[in-house]
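sequence first, predicted coordinates after that:
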Amino acid sequence: MSPFWSPVVHGLTPYVPGEQPKIDGLIKLNTNECPYAPSDKVLQAIAAQVTGDLRLYPDPQASRLKAAIAGYHHLKPEQVFVGNGSDEVLAHAFMALLQHEAPLLHPDISYSFYPVYARLYGISTREIALRDDFSIAVDDFLQAGDNGGIIFPNPNAPTGMALPLAEVERLLAANPHSVVVVDEAYVDFGAQTAAALIDRHAQLLVVRTLSKAWALAGLRVGYALGHPALIEALSRVKDSFNSYPLDRLALAGAEAAMGDAAWLAQTQARIIDSRTRLAAGLQARGFEVLPSQANFVFARHPAHDGARLAAQLREHRILVRQFARPQRIADFLRITIGTPEQCDALLAALDTLFAAQTQAPR
Ligand SMILES: *Cc1c(COP(=O)(O)O)cnc(C)c1O
């Protein structure tokens, strides 16, 4: 607290990302990063930008990157917006498209950055409870009364569960008068994208990131796809805030990534294969594992407290994420899919922990 703070700062409760400790030999399965290095083509494209040209500003319109993203999705460049990570794209969407009288609707268990942006921009929100099986109930969104917008991740975070495209379409068809943001941070691991629906639904904004499937969390590139009128709203906010959110290295690296779909397909297959094996390994040890279409699994053990288990794994130098709230998910661990070796290390650590506990009753 300081007398120099503006009133808005007093009211903020910032988002807390998963920890990034500098500890050697740590197995980091807590922030949904890709365990593999990005494509060589991306690294070479970035290296080629490390020249005296760094004295020059980057392209404020990011025209080449937008063209590459449009080509990848079979859309037009005017249907693409790019930002410094999808978190920045989301922040601009909250201000440009979701700040209205009626409340913004989002699932009660969802990306915990949404309420943070809502507070920052003074947007009222209404949480819609997930069903008992942790799936999103589209009907509950449609019956919630007037809304100033709807936002949800697909697949949802931290459950990893995907909403079928037909359900997304049903939501769009019944909700034509406010913006629907589908946050597709994890869509590349087996879910269906809504990108093809934007030509038919002018209120749909699809948000994507290169941080997860493309292994570029450190580059900070995200983008949105939508009707040109939605994209213009985002651009107006961006150009009132920062003309150059993407630097020369990020622009070049992201453009190269969009041109290397083969790398993505190969990496997706490796992650999905490890996910299948990790889920089976956890189930074999008594965990309930939600059906994941993401690069993480969300799992709980009927006999073990979630927070305690996460702390014990940390002693074994394995980081996973656990959310104290809401209470309904407090016993779940969100475990990022690592390399096969990392997944095996996690299962081995669980075996050690569980064996020690059967010998010495709590
Ligand atoms: C990781 C994540 C993001 C943010 O990604 P960045 O592009 O790294 O900012 C957005 N939404 C969800 C649901 C995420 O999990």
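Received the coordinates, thanks.

closest residue of the stretch 251-362 of the chain to the ligand?
Ala294 (8.4 Å; Cβ to the nearest ligand atom). Every C-beta, even on glycine, is put in place using the N, C-alpha and C of the backbone.

ok, Ala284 to Asn84 distance?
Between Ala284 and Asn84 the computed distance is 42 Å (Cβ to Cβ, to the nearest Å).

looking at those two now, which is surrounded by more residues?
Asn84 (19 against 9; other Cβ atoms under 10 Å).

hmm, back to that, what pLDDT does the residue of the stretch 251-362 of the chain closest to the ligand get?
Looking at Ala294, its pLDDT is 98.

tell me the residues of the chain that contact the ligand?
For the chain, the contact set with the ligand under Cβ under 6 Å from any ligand atom comprises Gly85, Ser86, Asp87, Tyr111, Pro153, Ala157, Asp183, Ala185, Thr209, Ser211, Ala217, Gly222.

picking that back up, tell me the SS of the residue of the stretch 251-362 of the chain closest to the ligand?
coil (DSSP: H, G, I helix; E, B strand; the rest coil).

so what's the residue count around it?
32.

my guess is it contacts Gly160, does it?
Yes: if you go by Cβ atoms under 8 Å, Ala294 and Gly160 touch, sitting 3.9 Å apart.

so what sits against both of those two?
Tyr186 (Cβ atoms under 8 Å, 6 or more residues apart in numbering).

narrow the residues of the chain next to the ligand to those in strands?
Pro153, Asp183, Thr209, Gly222 (DSSP state E).

check contacts around the third one.
Going back to what we said before, that points to Thr209. Gly85, Ser86, Ala185, Val221, Gly222, Tyr223.

all the helices of the protein, residue numbers only.
Along the chain, the stretches classed as helices by DSSP state H are 7-10, 40-47, 63-73, 85-97, 113-120, 138-142, 165-174, 228-238, 248-258, 261-284, 306-315, 340-359.

off-centre distance for the fifth one?
Counting by Cα atoms, centre = their mean, to the nearest Å, helix 113-120 is centred 15 Å from the centre of its parent chain.

how about the longest one?
Centre-to-centre, helix 261-284 and its host chain are 18 Å apart (Cα atoms, centre = their mean).

packing partners for that helix?
strand 288-289, strand 296-300, helix 340-359 (3 or more Cβ pairs under 8 Å, 6 or more residues apart in numbering; DSSP states H and E).

show me what the first one is packed up against.
What that stands for is strand 288-289. Applying 3+ Cβ pairs under 8 Å, 6+ apart, we find strand 288-289 packed against helix 261-284, strand 296-300.

just name the most buried of these.
strand 296-300 (a mean of 25; mean count of other Cβ atoms under 10 Å).

name the helices or strands packed onto that strand?
Strand 296-300 packs on helix 261-284, strand 288-289, strand 332-336, going by 3+ Cβ pairs under 8 Å, 6+ apart.

now Val9: how far from Phe113?
Counting by Cβ to Cβ, the gap from Val9 to Phe113 is 18 Å.

roughly how far apart are the nearest residue to Pro21 once chain neighbours are set aside and Asp24?
Excluding the flanking residues, the one nearest Pro21 by Cβ to Cβ, 6 or more residues apart in numbering is Leu319, at 7.6 Å. Distance, Leu319 to Asp24, by Cβ to Cβ: 13 Å.

so between these two, which is more surrounded?
Leu319 (21 against 5).

contact partners for the more buried one?
Leu319 neighbours (Cβ under 8 Å, 6+ apart): Gly18, Glu19, Pro21, Leu26, Ile27, Lys28, Leu29, Asn30, Leu313.

let's see it at 10 Å
When contacts are counted by Cβ atoms under 10 Å, 6 or more residues apart in numbering, Leu319 touches 18-21, 23, 26-31, 310, 313, 335-336.

neighbours around Tyr52, how many?
For residue 52 the amino acid is Gly, not Tyr. So Gly52, with other Cβ under 10 Å, has 6 neighbours.

check the one 3 residues further on too.
Here the number of neighbours of Arg55 (other Cβ under 10 Å) works out to 6.

repeat that for Phe94.
Phe94, neighbours per other Cβ under 10 Å, totals 22.

residues touching the nearest residue to Ile23 once chain neighbours are set aside, list them.
Spatial nearest neighbour of Ile23, excluding adjacent residues (Cβ to Cβ, 6+ apart): Arg317 at 7.2 Å. Residues in contact with Arg317 (Cβ under 10 Å, 6+ apart) are Ile23, Asp24, Gly25, Leu26, Ile27, Lys28, Ala345, Ala349.
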